[in-house]
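K.L.:
I would like the atomic coordinates for the input below:
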Amino acid sequence: MDYLVTMTTRVPDGTPEQAVDDVRAREAAHSRDLAAQGHLLRLWRPPLRPGEWRTFGLFSAAGSGELEEVLASMPLRIWRTDEVTPLEPHVNDPEPRPAPGPPEFLTAFTLVIPEGTPDAVAQDTIAAEGVRARELAADGHLLRLWRLSRRGPGDPGALGLWRARDAAEMQAIVRSLPLDAWMTTDITPLSIHPSDPVLAPS
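P.N.:
Purely as a prediction, here's the structure:
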């Protein structure tokens, strides 16, 4: 099962810089081990405010218990809090393959079909969304798509990983989706993380 983990690190005041460098070096080495084991799939940096230290991680584990063991084994966990989002298979998820390169974007989709929409119209639009998703995957734009367990009205129902030249092209891609008129979409630009198993510099 896949999980998206938002990892927020807060180094205690007064921690010697050498100690921070040591933990970060051990974290990078352990991240390579977790990638080799198939647990760590991707790492990204979201936009950060000054002083923030935050990372998005895509992990694979047999269940929440194994995931916690994986996260607890990471050296930075001593200073870090983790927010875990379980990811479920999505019918339009393309076959996983290595991303061809940055820029990448994460999207959170919240779908609300308007009241009174005939079932046939809704089903036709959902089917057209599937066709468009396959086209975007073939073009190298749609990299992954997951379902999210809805926690309540207004919460995202799907998460997507995309590649586009820039934010403008990403916006255009979203607008091209047949369900766009019924969706609220949050787009997060992603930056390369130095320990990302796929895109980290060699």
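K.L.:
and stretch 46-61, which residues are buried?
P.N.:
Going by neighbour count (16 or more other Cβ atoms under 10 Å), the buried part of stretch 46-61 is Arg54, Thr55, Phe56, Gly57, Leu58, Phe59, Ser60, Ala61. All C-beta spots, glycine's among them, are computed from the backbone N, C-alpha and C.
K.L.:
Over to stretch 102-114?
P.N.:
Those would be Pro103, Glu104, Phe105, Leu106, Thr107, Ala108, Phe109, Thr110, for stretch 102-114 by 16+ other Cβ under 10 Å.
K.L.:
Just the pLDDT for the second one.
P.N.:
Spelled out, it's Glu104. Glu104 is assigned 96 on the pLDDT scale.
K.L.:
Wait, it touches Asp166, no?
P.N.:
No: taking contacts as Cβ atoms under 8 Å, Glu104 lies outside contact range of Asp166: 11.6 Å.
K.L.:
domain ranges for the protein?
P.N.:
2-87, 90-191 (automatic domain parsing).
K.L.:
can you list those domains in a markdown table and add distance to Pro197?
P.N.:
Formatted as a markdown table, the domains of the chain follow (distance: least, Cβ to Cβ, whole Å):
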| stretch | distance to Pro197 |
| --- | --- |
| domain 2-87 | 4 |
| domain 90-191 | 9 |
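K.L.:
what helix or strand is the closest residue in space to Gly130 that isn't next to it in sequence on?
P.N.:
Leaving aside its sequence neighbours, Gly130 sits nearest to Asn92 (Cβ to Cβ, 6 or more residues apart in numbering; 5.1 Å). Following DSSP states H and E, one finds Asn92 outside all helices and strands.
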